[in-house]
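Visitor: I'll drop the sequence and a predicted model, then ask my questions.
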Amino acid sequence: MNLEKVISGFFIILAFTLNFGFFYGDPTVIAQHSRYELMAAIVINLIATIYKLGDKTQLGAVLLATSLVADIQLFGAGAIWLAGSHLVGMTDEIVTAIVSFSGGALLANIVSVFLFSADVIKSKR
Amino acid sequence: MGGKSLYLIIRQMRLPIFVLIVTFAISILGLVLIPGVDDQGHPYHLTFFDAFYFVSYMASTIGFGESPYAFNYPQKLWVAFCIYLTVTGWFYAIGAIVELVQDKVLAEQLALAQFMKRVKKLDEPFFIFVGYNRLNRAVIKKLSRQNIHSVVIEKSEEKLHLLKLEDFAIAVPGLLADAKDPQSFRLAGIHKPNCRGIVSLFNDDVLNLRVALTAKLMNRRLRVIAEATKTSYAQNLETVGVSDVINPFAIVARRVYSAIREPSLLVLEQWLYGEPLVLRKKDRLPRKGRYIVCGYGRLGRAIEKGLKRTGIDYLFIEADCKKAGRAREPECVLVGAADDKRMLLEANIQEASCIIAATADDLLNLSIIMAAKRLNPHIYTIARENNMDDLVIFKGAKIDRIIELDRLRVNRTYSMIAYPLAVRFMALMAYRGEAWAAKVIETMKRKVGPNPSRLETVIDEAHAFALHRALEAGRKITLQALYRRRDDRCRFNPIVALYLRRGEEEMVMPPEDTPLKVGDEIFFAGTPEAFDDAETIMENIYELRYVTSA
């Protein structure tokens, strides 16, 4: 068992699951999307990103790219939330934007998890 | 080597960043969860942004105060805990990252990457110099004025710093690597098609041979210019396929002979190395009388070779019995200290015509000359100068002739790179002899003047667009067309072709009516203005038409 693989696998899957948890629910109702979950998703995504840093392989490069995409999407969701709550008010438009941004991040995380599992399956036991 | 250590360093940054993110996340979450009281006494919760903002300036110890409202006690309790958590985490993380950025390995990697990028971008012809010593520095400086690019491989970091401080006319990339490692040659661009050659002027024949061999095996068509002071190493170099061997002692041997028997050849050679085309009185060595040479080392033996050819009587003084024992004619070598008055008297200095101080010690050479002058004020003095920095003292000593080995090396190397045709021309002249050299000098003086400049050119599309096109179209153009003036085609510029190479065929002093062909390489002597005219005629269709319709 490779401890490094356990840690990076843990954070990659956790980033994905938290992202899904936030995304799941009616996209127009903000009450169905926990802000604590968004915060957790952002933090875990950042950690997943740093654990992909410094991998020389091509797979490592693509994994890092997917993680960066997820980070940007989640930062976007957070920034829109900030704008909504302090500047323009939580209209339906703002709420859907937050949720759809996290949906984009979710797709990036799905790709990331897929690549990670493919690599595991490909490697010999 | 390679990018591996760079990745290792990035990997080492994982933990500091992880610590930073986790401590921030814990502090922010706590601040959001703990209820506060605003200025009107209503309960409120910090938003995530408020908390992030506060933690950011708390962790970095900037501390703008409590915001958006003053904290109550539960909040203060949490913040007190967070201060120790985040500030510690922040200092650890920033410290670790700064340390990694300053890492020597990383700096070397970055320097290497920068060097490789510069070599990759270099698309003009260039030469690789192995080792950055005084000689290479002088050659690079001269080459940079001619717009010829150089790349340096040096294993000492200090010397490489000196290269960076140097203000050359064009940028010279330097690589920190050992010349014994073939990998360094690859990094310096030995496989690039525009790499013209490699120069190795170490004071160590073995190392020069090693560099030459490695370079030749890595790239067969490469020109290797290497120094060899011993005959066996020079022969080894030739076996490897090195045609340009620099041997300062051989140059001295030839010059000693020329200065006595072939003054015109000497003048011609000195002109090629950048001196005027005149024979000064002090350039001629005495043709009669006895020569006393102090020091029977490498230089001593070279001088012996030159003197022997001339048939002049000579005597050596050598302090080292071992060196003196190696002499082929032991009766010509006295053993003793050369700066000793009695020794000089024993060598009969009063009757001698010339003294040569040829030891490897500059101070000893100077004291020999001083002693000799006191004993015989009319004697012709020659001294060997080993260290370039001592030149000032030597000039002050009023010595008739100074043998500067380093300068010979530099000039020879520079000529081989910048004026290869001229070097070949000189070799042919040495073969043809004194009478020819005198004729060449006379022609140059008559047509150009006492101090002609040098130009080498080749008739191809890049250097002679118009001429190349006209010759390809089948027109007959002679060398004379290049001598004509652009403002008046009936008159001629002060310019003369000394050497023309057409494939295997070579011509010394080609006549004016020589028809030109594509691919001709020509070496001219003339004034810079005349060169301007000739080059414009070669390049410009209208100028060529004007001069050829005369």
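Guide: Looks like it arrived, so ask away.

Visitor: contacts and neighbour counts: CA atoms only from here.
Guide: OK.

Visitor: need the pLDDT of B:Gln235.
Guide: Per-residue confidence (pLDDT) for B:Gln235: 88.

Visitor: just the pLDDT for B:Glu166.
Guide: On pLDDT, B:Glu166 comes in at 86.

Visitor: sticking with residue 18, tell me its helix or strand.
Guide: Unless you meant another one, I'm taking chain A. helix A:3-23 (DSSP states H and E).

Visitor: should've been chain B
Guide: With DSSP H and E as the test, B:Phe18 turns up in helix B:14-33.

Visitor: can that helix be found next to chain A?
Guide: Yes. Using Cα under 8 Å from any Cα of the partner chain, helix B:14-33 comes into contact with chain A via B:Arg14, B:Ile17, B:Phe18, B:Ile21, B:Val22, B:Ala25.

Visitor: can you give me the helices for chain A?
Guide: For chain A, the helices defined by DSSP state H occupy A:3-23, A:35-52, A:58-83, A:92-122.

Visitor: nope, the stretch 151-300 of chain B is what I was after
Guide: B:157-165, B:182-187, B:205-218, B:231-240, B:248-261, B:263-272, B:298-310 (DSSP state H, counting those that start in this stretch).

Visitor: I'd like to know which of the ones you listed is closest to B:Arg412.
Guide: helix B:248-261 (8.5 Å; Cα to Cα).

Visitor: which residues touch the residue in chain A positioned nearest to chain B?
Guide: Among the residues of chain A, A:Gly54 lies nearest to chain B; the distance is 4.8 Å by Cα to the nearest Cα. With contact set as Cα atoms under 8 Å, 6 or more residues apart in numbering or on different chains, A:Gly54 has these partners: B:Tyr7, B:Leu8, B:Ile9, B:Ile10, B:Arg11.

Visitor: SS state for B:Leu46?
Guide: With DSSP: H, G, I helix; E, B strand; the rest coil as the basis, B:Leu46 sits in coil.

Visitor: so it versus chain A, what's the distance?
Guide: B:Leu46 is 12 Å from chain A, where distance means Cα to the nearest Cα, to the nearest Å.

Visitor: residues near that residue, how many?
Guide: For B:Leu46, the neighbour count with other Cα atoms under 10 Å in any protein chain shown is 22.

Visitor: right, and it touches B:Leu31 too?
Guide: Yes. Assessed by Cα atoms under 8 Å, B:Leu46 is found in contact with B:Leu31 at 6.7 Å.

Visitor: show me where pLDDT drops low in the chain?
Guide: Answering for chain A, as no chain was given. For chain A, applying pLDDT under 70 flags the ranges A:124-125.

Visitor: oops, I was thinking of chain B
Guide: For chain B, applying pLDDT under 70 flags the ranges B:1-4, B:550.

Visitor: hmm, back to that, other residues contacting the helix holding B:Phe18?
Guide: Residues contacting helix B:14-33 (Cα under 8 Å, 6+ apart): A:43, A:46-47, A:50-51, A:53, B:45-48, B:51-52, B:55, B:75, B:78-79, B:82, B:85-86, B:89-90, B:92-94, B:96-97.

Visitor: got the buried residues for that helix?
Guide: B:14-25, B:27-32 (16 or more other Cα atoms under 10 Å in any protein chain shown).

Visitor: also stretch B:518-538?
Guide: Buried, per 16+ other Cα under 10 Å, within stretch B:518-538: B:518, B:520-527, B:530-531, B:533-538.

Visitor: same check, this time on stretch A:4-13
Guide: Within stretch A:4-13, the residues scored as buried using 16+ other Cα under 10 Å are A:Ser8, A:Gly9, A:Phe11, A:Ile12, A:Ile13.

Visitor: of those residues, which pair is most distant in space?
Guide: The span of the buried residues of stretch A:4-13, defined through Cα to Cα, is set by A:Ser8 and A:Ile13 at 8.6 Å.

Visitor: on that earlier part again, alpha carbons of the helix holding B:Phe18, as CSV, please.
Guide: Presented in CSV, the C-alpha positions along helix B:14-33 are these (Å, rounded to 0.1, in the frame of the first residue of the first chain):
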residue,chain,number,x,y,z
ARG,B,14,3.0,20.4,-1.0
LEU,B,15,3.2,20.1,2.8
PRO,B,16,3.6,23.9,3.4
ILE,B,17,0.7,24.8,1.2
PHE,B,18,-1.4,22.0,2.8
VAL,B,19,-0.7,23.4,6.3
LEU,B,20,-1.7,26.9,5.1
ILE,B,21,-5.0,25.8,3.6
VAL,B,22,-6.0,23.6,6.6
THR,B,23,-5.2,26.3,9.2
PHE,B,24,-7.1,28.9,7.2
ALA,B,25,-10.1,26.6,6.7
ILE,B,26,-10.3,25.8,10.5
SER,B,27,-10.1,29.5,11.5
ILE,B,28,-12.6,30.7,8.9
LEU,B,29,-15.1,27.9,9.8
GLY,B,30,-14.9,28.7,13.5
LEU,B,31,-15.4,32.5,12.9
VAL,B,32,-18.5,31.8,10.7
LEU,B,33,-20.1,29.5,13.3
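
Visitor: so what secondary structure elements neighbour the helix or strand that that helix is followed by?
Guide: As assigned by DSSP H and E, the chain's next helix or strand after helix B:14-33 is strand B:36-37. Applying 3 or more Cα pairs under 8 Å, 6 or more residues apart in numbering or on different chains; DSSP states H and E, one finds that strand B:36-37 makes contact with strand B:43-44.

Visitor: give me the contact list for the strand it packs on.
Guide: Strand B:43-44 is contacted from outside by B:Pro35, B:Gly36, B:Val37, B:Asp38, using Cα under 8 Å, 6+ apart.

Visitor: what's near enough to touch the last one?
Guide: Neighbouring residues of B:Asp38 by Cα under 8 Å, 6+ apart: B:Tyr44, B:Tyr69, B:Ala70.

Visitor: phi, psi of B:Ile402?
Guide: Backbone torsions of B:Ile402, given as degrees, to the nearest 10, read phi -110, psi 130.

Visitor: so it touches B:Ala383, yeah?
Guide: Yes. Using Cα under 8 Å, B:Ile402 makes contact with B:Ala383 at a distance of 5.0 Å.

Visitor: which of the two has more residues huddled nearby?
Guide: More crowded of B:Ile402 and B:Ala383, by other Cα under 10 Å: B:Ala383, with 25 against 17.

Visitor: which SSE is the more buried one in?
Guide: strand B:380-385.

Visitor: then that strand to PDB, C-alphas only?
Guide: Presented in PDB, the C-alpha positions along strand B:380-385 are these (Å, rounded to 0.1, in the frame of the first residue of the first chain):
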ATOM      1  CA  TYR B 380      69.500  42.900 -29.100                       C
ATOM      2  CA  THR B 381      67.100  41.800 -26.400                       C
ATOM      3  CA  ILE B 382      64.100  39.400 -26.600                       C
ATOM      4  CA  ALA B 383      62.000  38.400 -23.600                       C
ATOM      5  CA  ARG B 384      59.300  35.900 -23.100                       C
ATOM      6  CA  GLU B 385      56.300  37.300 -21.300                       C
END
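
Visitor: and chain B, which residues reach chain A?
Guide: B:4, B:7-11, B:14, B:17-18, B:21-22, B:25, B:49.

Visitor: hmm, try it at 6 Å
Guide: Counting by Cα under 6 Å from any Cα of the partner chain, the residues of chain B close to chain A are B:Tyr7, B:Ile10, B:Arg11, B:Arg14.

Visitor: mind naming the longest helix for chain B?
Guide: helix B:73-101.

Visitor: thinking again about what came up before, what distance do you get for the residue of chain A closest to chain B to B:Leu6?
Guide: Going from A:Gly54 to B:Leu6 by Cα to Cα, to the nearest Å gives 8 Å.

Visitor: ditto for A:Ile44
Guide: 25 Å.

Visitor: number of residues surrounding the closest residue to A:Asp26 other than its chain neighbours?
Guide: Nearest residue to A:Asp26, sequence neighbours excluded (Cα to Cα, 6 or more residues apart in numbering or on different chains): A:Gln32, at 6.5 Å. A:Gln32 sits with 13 neighbouring residues when counted by other Cα under 10 Å.

Visitor: circling back to that earlier point, make a markdown table from the residues of helix B:14-33 next to chain A and add distance to A:Phe116 to it.
Guide: Converted to a markdown table, these look like this (distance: Cα to Cα, whole Å):
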| residue | distance to A:Phe116 |
| --- | --- |
| B:Arg14 | 19 |
| B:Ile17 | 22 |
| B:Phe18 | 20 |
| B:Ile21 | 23 |
| B:Val22 | 24 |
| B:Ala25 | 26 |
